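Engineer: got a structure for you, letters missing:
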């Protein structure tokens, strides 16, 4: 129930952002058109996350994709003054190993409604920047 309310609130918040109103879908997310690469949000008790996840089932392809993104690191981090967090081996809660490139806003808790606006602002702004970075390097990665 709480997560449903949170995500519905995020959708309403995004509906008020002029840059997102002109778009067919709010964010790219799973529609990267690059197999094994997805953009994701996560909201937890430990903060907000905006993630580029490399989850290709072929480990060799995952390594290749991660290496290519790493070669584009300076381009990827251009709009992120504090850089991005790069984890080749990231274990999801379900136990699956993936690679992640992400940004994180700590010290906010999804269980505290008073923090939600902080989540919404961070996630919408950072995802727009991450999408922009992804678009800049996508051709080099393919």
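Structural biologist: Arrived safely, thanks for sending. Since the model is a prediction, treat every value here as computed from it, not as a measurement.
Engineer: so what's the residue nearest to residue 47 when sequence neighbours are not counted scoring on pLDDT?
Structural biologist: The shortest distance from residue 47 to any non-neighbouring residue, by Cβ to Cβ, 6 or more residues apart in numbering, is to residue 106 (4.3 Å). Backbone N, C-alpha and C define where each C-beta goes, glycine included. pLDDT recorded at residue 106 is 97.
Engineer: My guess is residue 106 contacts residue 44. True?
Structural biologist: No. Counting by Cβ atoms under 8 Å, residue 44 is not a contact partner of residue 106; they are 10.2 Å apart.
Engineer: Can you pick out the residue with more neighbours from the two?
Structural biologist: The neighbour comparison of residue 106 against residue 44 (other Cβ atoms under 10 Å) goes to residue 44, with 14 against 9.
Engineer: For the more buried one, give me its contacts.
Structural biologist: By Cβ atoms under 8 Å, 6 or more residues apart in numbering, residue 44 lies in contact with residue 110.
Engineer: Is the residue nearest the centre of the chain part of a helix or strand, or is it coil?
Structural biologist: Closest residue to the average C-alpha location of the chain: residue 51 at 2.5 Å, with Cα atoms, centre = their mean. Classification of residue 51 using DSSP: H, G, I helix; E, B strand; the rest coil returns strand.
Engineer: Test of understanding: give the bridge partners of it.
Structural biologist: residue 40, residue 102 (DSSP bridges).
Engineer: residues in contact with it?
Structural biologist: 39, 40, 41, 42, 100, 101, 102.
Engineer: Need the phi and psi values for the residue nearest to residue 47.
Structural biologist: Phi and psi for residue 106, reported as degrees, to the nearest 10, are phi -80, psi 180.
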